[in-house]
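# heads up, no residue letters with this:
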Ligand SMILES: [Zn+2]
Ligand SMILES: [Zn+2]
């Protein structure tokens with residue numbers, strides 16, 4: 001009787017042990033996981049997002065057959081402009097996060113897996129192509145060897161926490177400061193009472209065959225290089241964003257969308273990404289459920305190899321937060 005009682009007490013204290021359904025793909029694993037902790041503040045020109053990287057929703061089981069890492073607590077500190085501006089030219093994402101969600105979990109679309117395991121081949125596998133299995137859960141997320149959980153696509157768990165309504169839901173902030181929304185937006189982005197619809201990206205799989213000296217075969221979406229942008233094909237621009245009215249900007253503002261098809265999470269910035277997104281935070285010593293051996297067995301193929309990293313052009317040395325990026 002006493003045992004049963006203490007068990008009940010323990011269960012009621014497991015973070016997130018609510019009536020929420022378990023992850024569809026892998027089931028849930030709630031034990032030993034610290035609570036989600038995130039702080040979003042604005043100081044001066046910047047918005048700061050500080051988090052422990054622990055999602056505020058159920059996840060798949062990690063490690064799993066295709067992702068050998070366990071989720072552990074992180075020390076994530078991101079900074080972005082509170083009033084973002086367009087840069088003179090767009091910036092392609094490197095092997096870094098595109099942005100950070102409201103729950104403090106990074107959006108990181110690029111997987112560091114290349115044809116013949118050689119980044120110089122110029123053929124990079126697309127994580128959500130359905131052609132390779134990176135052990136993603138139903139939030140399109142998995143875990144790096146550092147224990148960092150991150151989204152490669154639609155953060156379903158976060159969206160259901162936020163209401164899962166058929167409207168533009170603010171999901172987070174890009175490294176350049178622009179807002180990131182769910183897949184829904186206005187049919188006419190400048191008319192507040194126009195119908196809500198799913199945003200379509202303007203990217204598609206190329207037709208035809210891959211060139212010589214390549215993986216060969218038809219373009220089928222396996223590789224990043226299989227996709228092309230076609231102006232006007234969908235609702236969004238090359239950065240997977242557009243100018244329009246969103247719930248917290250009745251006058252309209254440029255914003256990004258996460259889409260159900262490629263690029264899923266944007267791969268280009270309209271503004272200048274902040275250098276705070278270009279460092280790899282260390283996991284805390286208090287990390288739970290992750291051991292040295294976990295990290296050494298098999299490297300997460302989503303983790304960039306050193307050679308693939310874009311040099312942090314804005315970085316000016318270590319520090320709690322890097323200096324102001326050039327305008
Ligand atoms: Zn929109
Ligand atoms: Zn990944």
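The structure has been received and is ready for your questions. Note that the structure is predicted; figures quoted are calculated from it, not measured. Ligands and ions are numbered 1, 2, ... in the order given.

# What ranges does the stretch 1-150 of the chain have for its helices?
Residue ranges of the helices in the stretch 1-150 of the chain, as given by DSSP state H, counting those that start in this stretch, are 2-13.

# Near ligand 1, which residues of the stretch 101-250 of the chain are found?
Neighbours of ligand 1 within the stretch 101-250 of the chain, by Cβ under 5 Å from the ion: 185, 244. Heads up, the C-betas are built off the backbone N, CA and C, glycines and all.

# secondary structure element for the residue of the stretch 151-300 of the chain found nearest ligand 1?
Ligand 1 sits closest to residue 185 of the stretch 151-300 of the chain, with a gap of 3.1 Å, by Cβ to the ion. Assigned by DSSP states H and E, residue 185 belongs to strand 184-186.

# for that strand, which positions count as buried?
185, 186 (16 or more other Cβ atoms under 10 Å).

# where does residue 237 fall, phi/psi-wise?
Main-chain dihedrals, residue 237, degrees, to the nearest 10: phi -90, psi -170.

# Contacts only, for the residue nearest to it when sequence neighbours are not counted.
Leaving aside its sequence neighbours, residue 237 sits nearest to residue 202 (Cβ to Cβ, 6 or more residues apart in numbering; 6.9 Å). Residue 202 sits next to 229, 230, 231, 232, 233, 234, 235, 236, 237, 238 when contact means Cβ atoms under 8 Å, 6 or more residues apart in numbering.

# Where strands are concerned, which of those count?
Judged by DSSP state E, the subset of the contacts of residue 202 located in strands is residue 229.

# can you redo the contacts of residue 202 as a markdown table with neighbour count and pLDDT?
Output for the contacts of residue 202, formatted as a markdown table (neighbours: other Cβ atoms under 10 Å; pLDDT from 0 to 100):
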| residue | neighbour count | pLDDT |
| --- | --- | --- |
| 229 | 19 | 96 |
| 230 | 12 | 97 |
| 231 | 8 | 96 |
| 232 | 7 | 96 |
| 233 | 13 | 97 |
| 234 | 19 | 98 |
| 235 | 21 | 98 |
| 236 | 21 | 98 |
| 237 | 20 | 97 |
| 238 | 18 | 97 |
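
# a markdown table for the contacts of residue 202, including distance to residue 122?
Shown next, in a markdown table, are the contacts of residue 202 (distance: Cβ to Cβ, whole Å):
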| residue | distance to residue 122 |
| --- | --- |
| 229 | 18 |
| 230 | 21 |
| 231 | 24 |
| 232 | 28 |
| 233 | 24 |
| 234 | 26 |
| 235 | 30 |
| 236 | 26 |
| 237 | 25 |
| 238 | 20 |
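
# Please identify which of the contacts of residue 202 is nearest to residue 257.
residue 236 (6.0 Å; Cβ to Cβ).

# hang on, the closest one packs against residue 199?
Yes - Residue 236 lies in contact with residue 199 (Cβ atoms under 8 Å); the separation is 5.9 Å.

# tell me the contacts of the closest residue to residue 149 other than its chain neighbours?
Nearest non-adjacent residue to residue 149, counting by Cβ to Cβ, 6+ apart: residue 71, 4.8 Å away. Contacts for residue 71 (Cβ under 8 Å, 6+ apart) come out as 33, 53, 54, 55, 59, 62, 143, 147, 149, 289, 290.
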